[in-house]
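Colleague: Predicted coordinates and the sequence they were generated for:
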Amino acid sequence: MLRVLPALFALMSLLLAMPARARAGETYCVGGYEGTPPNVVAACDQPDVRSLHARWHEHCWLSNGQECFVCYDEQDNTCITTFLLRNLGTYSLADPYECARLYGEKHGAGNVVAHVIDGQPVTPASPPPPMQLEARVERISPGPYTAGDKVTVVGAVRDESGALRRITGGTFRVTDASGQTTEHQGTVQPDGSVSAGFSLPPSNSARIEFIAEVPPLARNEKLRAAASEAQELKVEVCGFRARVVQPTVHEALVAGQSTALSARLFDAAGQVPVASPPAGLSLEFTVQVDGEKPQVLRADGTLSATWTPPASPKPREVRLSAGGRAGERVVCPAGEVSATVSDLGLGFDTSELPRTCYVGLPCKGTVRLVRPEPGTGRQQVDALLADSKVEARMVDTGEERYRGPPRPDDRYEFAATYSEPGAASWSIVFQTPRGPVAMPAHEVRVRPQLKLELPAELDFGTVAAGSSVATACQKLDFSGSQGAEEHRWELRAEGLGGCQSRPVLRFLNALGQADARGLEPSLGIDALDPKDRRLDICLEVPRCAGEVSPDSAVLRVVPLTPEFKAQEKTVRLRWKVEGQGFLGCHGAWVWPTLGLLGFGLLIAGFTQPARFPPGASIRVAGSERGMRQSAAILLHGCPGSSPGFYRDARLGLHGDGEVNGRTRNAVIVLRATRGAGVVLTGLGPLEQQDRRTLQWEPVADLAQGHVPSPSVLYRAGGTYFKVEL
């Protein structure tokens, strides 16, 4: 549940301490939202509401105990000093992440609960006409490009009038020449557009599309397509790099005053300067002013050009780059230079201002006033700021922090300590005889401090060796912590010397598939899921050996936010792995191997036994004279002549002259052999006739196996035969 009472007491203390003038403003809007904090689309930020306010920002979150709302005001404190003060019995301050956990994501981005301007309720406008929204690739950092170059792309959704619609996120899809695609998740920018930076694929072309997370649509609205029209990029091989050296980074430019642009040429890596431009060099400057179409200016032989900035009552960002060709070789930009342009030539360097501060901790930041480079514009600015009528005002969320002459060092420091979560809006205004010059409001999210609470240990219990990584998992639970979902983390496993087991982080990757990453030497976590602030820590165990976790095995959890690094926690890791016997450990390959071996032996039992040669035959007769008239009998054609399981083919010659597979009581056994073809065995007696003397002689090697000669006549009792191969 939301902690209402403590918030109310703290709020009352805050309100009583505030000066009376802080309660004067009565312009605010309270409404629903959709999305997951901090990226939401709020009812009070829709175009029909925002168009009624010159200054407008998300100030705080409120709850009525049943659902949550977002309150916007004009960069002051009226969400609290006016609306909440008058509705303390109904509404209380709420935390956006707690709202997401308790009430979900959809709370009616078109539902405005209260909208007041100068104390008067705003009458809802008549239903607007039908409107189509379109997803676009708004900007791609200028080329030419080469494979591996990092490009910055911006995507947005706009209506037919060109008004920007805030969205909760989006993805950039990049398709190379082969058709292979990759997707890059974008980051929501303060204005509601989405930006991403990625390297170009190794291909000669690339198509970039922006796929928006569809914003909540009113009944009169329709999104033309979720994906934008594809932007084609030609990817070439860079021969040189060009770097803009004038203007310099953060330089202030004067609108309407001619400005010199200058570039230098470097090698393809952008490291070594090129002393003399190559023949055929054609260089162009690309100049992009916020809110304006890009301009392309051709450089002269000295790699210079002139440009006159457009009128800019308010300071605007200018991005400059240079690129072109040198004959057949391409000149790629070596990054972009960001400057500012305004009518008075004043710029504001806000790079030292924080984006997030924490309740109860000092919140500091410095704005540097940027003057033009020496010249006419600089003289005018110096004279203007030296005028005694010029007054500088520093404003923090409607409260004036400084009023007086401009600082001599051009540095303006904001310093505050906030007692409640919400949003601060810092701005500087110079009142001059030529009119006011205002720094664009800088938004600072004020969030609760991190209070890290984690379990003292993760005990994986007893795990069998060889178990899958999903078998032994424990939750590293941040649910008892405050603000854990808003920080980046480093997880580091230590004290595992001598262990074969290793803790890993298990998660679902971008494809929705289970993946795991080791925690040695460390692993960075960009964000926790605000709805489930738990991480799955699993144990990779050895395949066979058993072990017990050492006392030194720990997991260190380190917040990467500098203010809270001292809250590092140490979580004890415990486990016991039960080893396996030989078959349990190696059974995965032993049993299949034995199976294959058995199958091989089975096959060999049928394939390895010898067969009778195809042409082998026998002639059989009852007398020597009858042999001349006997016909040859093919051995493999005799009944039972096939081999058996691990048994060579064999035939029996019987006393009646029959030849078949029965070898029991046979006079002679004919057995097939590898190499020799056929051998004769048996108990005998067996005789062979000498071809010269025609005398009969006993066969001495019958018991061992006699190899018959094709021309020799054999006699076994009253049976005569010849074996022919």
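Modeller: That came through, no problem.
Colleague: what about residue 604, which SS state?
Modeller: helix (DSSP: H, G, I helix; E, B strand; the rest coil).
Colleague: Kindly report the same for residue 48.
Modeller: Of the three states, residue 48 takes helix under three-state DSSP.
Colleague: What degree of burial does it show, as a neighbour count?
Modeller: Per other CB atoms under 10 Å, the neighbour tally for residue 48 reads 15. Every C-beta, even on glycine, is put in place using the N, C-alpha and C of the backbone.
Colleague: Relative to residue 123, how far out is it?
Modeller: 12 Å (CB to CB, to the nearest Å).
Colleague: next one: residue 220
Modeller: Computed as CB to CB, the residue 220 to residue 123 distance reads 18 Å.
Colleague: between these two, which one's more packed in?
Modeller: Counted by other CB under 10 Å, residue 220 and residue 123 do not tie: residue 220 has more neighbours, with 11 against 7.
Colleague: Distance check, residue 559 against residue 482.
Modeller: Counting by CB to CB, the gap from residue 559 to residue 482 is 12 Å.
Colleague: Just the residues contacting stretch 375-389, thanks.
Modeller: When contacts are defined by CB atoms under 8 Å, 6 or more residues apart in numbering, stretch 375-389 is touched by residues 252-254, 257, 344-346, 371-372, 390, 405-406, 430, 432-434.
Colleague: repeat for stretch 542-555
Modeller: By CB under 8 Å, 6+ apart, stretch 542-555 touches 458, 465-466, 476, 491-501, 503, 519, 537, 570-580, 585-586.
Colleague: Which PyMOL command selects the buried ones in these?
Modeller: Buried members of the contacts of stretch 542-555, defined by 16 or more other CB atoms under 10 Å, are picked up in PyMOL with:
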select buried, resi 458+465+466+476+491+492+493+494+495+496+499+501+503+519+537+570+571+572+573+575+577+580+585
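Colleague: Now intersect the contacts of stretch 542-555 with the helices, please.
Modeller: The helices, defined by DSSP state H, take in 585-586 from these.
Colleague: Helix, strand, or coil at residue 195?
Modeller: Per three-state DSSP, residue 195 ends up strand.
Colleague: Wait, it touches residue 154, no?
Modeller: Yes - with contacts counted by CB atoms under 8 Å, residue 195 reaches residue 154, the gap being 4.9 Å.
Colleague: what about the helices in the stretch 501-650 of the chain?
Modeller: 582-607 (DSSP state H, counting those that start in this stretch).
Colleague: now it, which segments are flagged as low pLDDT?
Modeller: 510-511 (pLDDT under 70).
Colleague: would you list every one of the strands in the stretch 101-250 of the chain?
Modeller: Using DSSP state E, counting those that start in this stretch, the strands found in the stretch 101-250 of the chain span residues 112-117, 120-121, 131-140, 145-146, 150-158, 164-165, 170-176, 181-185, 187-188, 194-199, 205-212, 221-223, 231-236, 238-246.
Colleague: Please work out which residues outside the longest one touch it.
Modeller: To tie it back to what came earlier, the one meant is strand 131-140. Surrounding strand 131-140, the residues in contact under the criterion CB under 8 Å, 6+ apart are 151-160, 165, 170, 172, 193, 208-212, 215, 217-218, 220-229, 231, 233, 288.
Colleague: for the fifth one, same thing?
Modeller: Residues outside strand 150-158 that contact it (CB under 8 Å, 6+ apart): 133-141, 145, 164-165, 167, 170, 172, 186, 189, 192-200, 208, 210, 212, 215, 223, 228, 233.
Colleague: what's the angle from that strand to strand 170-176?
Modeller: 130 degrees (axes from the mean of the first three to the mean of the last three CA atoms, to 10 degrees).
Colleague: Output the below-cut-off pLDDT ranges for this protein.
Modeller: Using pLDDT under 70, the chain drops low at 1-25, 107, 127, 215-216, 218-219, 510-511, 676.
Colleague: wait, residue 632 sits on residue 616?
Modeller: No - with contacts counted by CB under 8 Å, residue 632 stays clear of residue 616, the gap being 9.7 Å.
Colleague: between the two, which one's more packed in?
Modeller: Neighbour comparison, residue 632 and residue 616: the larger count goes to residue 616, with 22 against 13 (by other CB under 10 Å).
Colleague: Which residue, other than its chain neighbours, is closest to the more buried one?
Modeller: residue 635 (4.6 Å; CB to CB, 6 or more residues apart in numbering).
Colleague: likewise residue 580?
Modeller: Closest to residue 580 by CB to CB, 6+ apart is residue 465, at 5.1 Å.
Colleague: residues touching residue 279, list them.
Modeller: Per CB under 8 Å, 6+ apart, neighbours of residue 279: 326-327.
Colleague: so it, which of the three states?
Modeller: Going by three-state DSSP: residue 279 is coil.
Colleague: gap between it and residue 302?
Modeller: 15 Å.
Colleague: who has more neighbours, residue 559 and residue 482?
Modeller: residue 559 (21 against 17).
Colleague: quick one, helices of the stretch 251-400 of the chain?
Modeller: Using DSSP H, counting those that start in this stretch, helices in the stretch 251-400 of the chain cover 376-386.
Colleague: sorry, that was for the stretch 1-150 of the chain
Modeller: Counting by DSSP H, counting those that start in this stretch, the helices of the stretch 1-150 of the chain are 4-17, 47-50, 78, 85-86, 96-103.
Colleague: Pull the residues that contact the shortest one.
Modeller: Read it as helix 78. Taking CB under 8 Å, 6+ apart as the rule, helix 78 contacts 25-28, 398.
Colleague: Relative to residue 86, which of these is nearest.
Modeller: Each of the contacts of helix 78 was scored against residue 86 by CB to CB, and residue 26 proved nearest at 9.6 Å.
Colleague: Any idea how many residues pack against the closest one?
Modeller: Residue 26 has 16 neighbours, counted by other CB under 10 Å.
Colleague: Relative to residue 82, how far out is the nearest residue to it once chain neighbours are set aside?
Modeller: Once flanking residues are discounted, residue 26 sits nearest to residue 119: 4.0 Å by CB to CB, 6+ apart. Here residue 119 is placed at a distance of 9 Å from residue 82 (CB to CB).
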